[in-house]
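In: Sequence and predicted structure, then a few things I'm wondering about:
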Amino acid sequence: MWKTVLALLITIIVIPVLAFIIDEPPTSFQQEILNDLAVVYLAAAMLCFVVSTISKNYSQVDKLWSLIPLAYVWMTAVKSGFEPRIVLMALVVTVWGLRLSYNFSRRGGYSIRFWTGEEDYRWAVLRAKPELSAKWRWMLFNLLFISFYQMGLILLITLPAVRSLGGSSMGWVDYLIAALLLGIVVLETIADQQQWKYHKEKRKAMEAGGDIPEKYRKGFVHTGLWGKMRHPNYAAEQAVWIVFYFFSVSATGNWLNWSVIGAILLVLLFWGSSNFSESISAGKYPDYKEYRKRVPRFFPF
């Protein structure tokens, strides 16, 4: 566990350094905006750490995952004087964020008492592990990984907006990227809806008693998009930010620039996250191991 955390912390330092070496450094204007965004990041990360430590609910970052990217991108748009490309990027991110916030909300993630709400089940599993069972170790993990690493990643995935500042004139490629992003958001919506409906119907069948249909006896969603990929929602989430990066390619003409940092780290995070989720599912559902052998992880082939 600690090796994984250390590896992630190293990547968040090493990859940015390499990316800045390969690409041109930020302009003074871009650096000014990065400084402003960094202040928001530090405040948000510390807030998540303090609130989660006091409330014992460690899904505080989850509450901001779909909201704070909107703040980052719209801050950039305002400071740019509403450059057309940046505004388009902000609008697409807004559609993504509002949809994801709705999905998180219907699962009980938000509450009037903002520090409460449903906690991701995986945090409880992690807290029970011997490596993290000591109070000081869990607090350190919460500080470094849950709060500061994840909040840092949220900032990094929005960097293409900053890198696109002062770029070439917006053209058809940008509209194509926006259309592709919206299509991916639709795909993610379908995946989340299929998962939501499955578990809702499973609960109804269990509460009704009697024979539970075979579909729900398995315990996990395995039809529709989930019959093609084990994590269609994760795949779509990664695709959103990978495609978002190409706005900066369109703006700069550079296929590799320093704003690629976030997309790379996001893929690494979701790979590790899906591994952990699947280890829990395999221990909980007898049919999951066969499902994992039969159905690909992120791609339908």
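Out: Looks like it came in fine.

In: next SSE after the longest helix belonging to the chain?
Out: Longest helix of the chain, by residue count under DSSP state H: helix 172-208. For helix 172-208, the following helix or strand on the C-terminal side (DSSP states H and E) is helix 214-217.

In: Centre of the chain to that next one, how far?
Out: Helix 214-217 sits 30 Å away from the centroid of its parent chain (Cα atoms, centre = their mean, to the nearest Å).

In: what's the following helix or strand after that helix?
Out: Counting by DSSP H and E, the next helix or strand C-terminal to helix 214-217 is helix 232-252.

In: Just the angle for the following helix or strand past that following helix relative to helix 232-252, thanks.
Out: Remark: after helix 232-252, the chain's next helix or strand is helix 261-284, criterion DSSP H and E. Here the directions of helix 261-284 and helix 232-252 differ by 170 degrees (axes from the mean of the first three to the mean of the last three Cα atoms, to 10 degrees).

In: Check which helices and strands helix 261-284 sits against.
Out: Contact here means 3 or more Cβ pairs under 8 Å, 6 or more residues apart in numbering; DSSP states H and E; on that basis helix 261-284 packs against helix 2-22, helix 121-127, helix 150-157, helix 159-163, helix 232-252, helix 288-294. (C-beta placed from N, C-alpha, C; glycine too.)

In: right, so those helices: which one is the most enclosed?
Out: helix 159-163 (a mean of 28; mean count of other Cβ atoms under 10 Å).

In: Only alpha carbons, please: show it as PDB.
Out: Only the C-alpha atoms of helix 159-163 are listed here, as PDB (Å, rounded to 0.1, in the frame of the first residue of the first chain):
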ATOM      1  CA  LEU A 159      -4.400  22.400 -17.200                       C
ATOM      2  CA  PRO A 160      -5.200  22.200 -20.900                       C
ATOM      3  CA  ALA A 161      -7.400  25.300 -20.400                       C
ATOM      4  CA  VAL A 162      -4.400  27.200 -19.100                       C
ATOM      5  CA  ARG A 163      -2.100  25.900 -21.800                       C
END
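
In: starting at the chain centroid, how far to the helix or strand where Ile54 lies?
Out: Using DSSP H and E, Ile54 falls within helix 28-55. Remark: helix 28-55 is offset 17 Å from the chain centroid, using Cα atoms, centre = their mean.
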